[in-house]
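Visitor: Sharing a model that was predicted from the sequence below.
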Amino acid sequence: MAGPQLVDIAKGPARMNRRLGWLLCASVLVLAGCAPAKPKMLAAPVMGYNHTSAAINSFSVNGAGGAGIGPHQGGGKQSCCGVLPAQWRPGLTAVVEWEKDPTPHVNWPEPLFSDAWRKRMEEHERHYSRHRAEVVIPHYEKSCGYQVHFLPCDQVQVNTTCFTPQHPDYPYKELFQLKEPKECPAS
């Protein structure tokens, strides 16, 4: 009888190893389910481009602020951070709000920050205009942040391309060719 007992003892560790193997596999599967999910929202830096002769004093995209932009300037500063869905969906929009100075190149004779200069500045600021637009965000596979384009006639466009305007594959080059009309159509 000693022979069969030895065989049973030899089977015991093999059975135990098999059970441990199954337990290990089950544990790995359970832990894989605990892995962090892909983020639903991503941080999105905000950058602006001004295609007009006015100054954009300030702007925001869905509440995330952007830097002021001089006439026909932009792309040099990013502000942190807005958020974007990790995955684009149809109907995705952004709310852009901005303040515009229609005559940014004033040159007054009064000394800078003097009482007379401040009085002129107060009058000048009365001509600032505030705008708000809800715009569609074009389809994206990958987002590198918000690029906000301020266009003539108080129009605005938002995209999320990862290319800069200098890149040959930049998809919105036509925006840099726009000419300002002498008069904007009535809204």
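Guide: Okay, I see it. No experiment lies behind these values; they were computed from the predicted model shown. Numbers count the residues shown, from 1 in each chain.
Visitor: At which residues are the strands of this structure located?
Guide: Assigned by DSSP state E, the strands in the chain fall at 41-50, 55-61, 64-66, 74-85, 93-101, 129-136, 146-151, 155-159.
Visitor: buried stuff in the fifth one?
Guide: Read it as strand 93-101. Of the residues in strand 93-101, 94, 96-101 count as buried by neighbour count, 16 or more other CB atoms under 10 Å. (Glycine included, C-beta is placed from N, CA and C.)
Visitor: Kindly list the main-chain dihedrals of the residue nearest to C144 when sequence neighbours are not counted?
Guide: The spatial neighbour of C144 that comes closest, neighbours along the chain excluded (CB to CB, 6 or more residues apart in numbering), is C162 at 3.8 Å. For C162, the backbone dihedrals are phi -90, psi -10 (criterion: degrees, to the nearest 10).
Visitor: So that it lines up with my notes, have the first residue be 59 from now on.
Guide: With 59 as the first residue, the last one maps to C220.
Visitor: Tell me the predicted confidence for C220.
Guide: Among the per-residue scores, C220 shows a pLDDT of 90.
Visitor: Ok, E192 next?
Guide: Looking at E192, its pLDDT stands at 98.
Visitor: That one reaches L150, doesn't it?
Guide: No: E192 sits out of contact with L150 when judged by CB atoms under 8 Å, with a separation of 11.0 Å.
Visitor: and the closest residue to S201 other than its chain neighbours, how many residues sit next to it?
Guide: Of all residues beyond its chain neighbours, the one nearest S201 is T218 (4.1 Å), with distances taken as CB to CB, 6+ apart. By other CB atoms under 10 Å, the residues close to T218 number 21.
Visitor: sorry, back to before: which of the buried residues of strand 151-159 lies closest to C211?
Guide: The shortest distance between C211 and any of these, using CB to CB, involves K158 and amounts to 11.4 Å.
Visitor: Please report how far the closest one lies from S172.
Guide: 26 Å (CB to CB, to the nearest Å).
Visitor: next one: R188
Guide: R188 sits at a distance of 28 Å from S172 (criterion: CB to CB).
Visitor: One more: K240?
Guide: Distance check for K240 against S172: by CB to CB, it reads 35 Å.
Visitor: Please look at P239 and P210 and confirm they touch.
Guide: Yes: in this structure, P239 is within contact of P210 by CB under 8 Å, at 6.2 Å.
Visitor: burial measure for the residue lying closest to H185 once chain neighbours are set aside, as a count.
Guide: Closest residue to H185 apart from its sequence neighbours, by CB to CB, 6+ apart: P160 at 6.1 Å. The burial count assigned to P160 is 12, neighbours taken as other CB under 10 Å.
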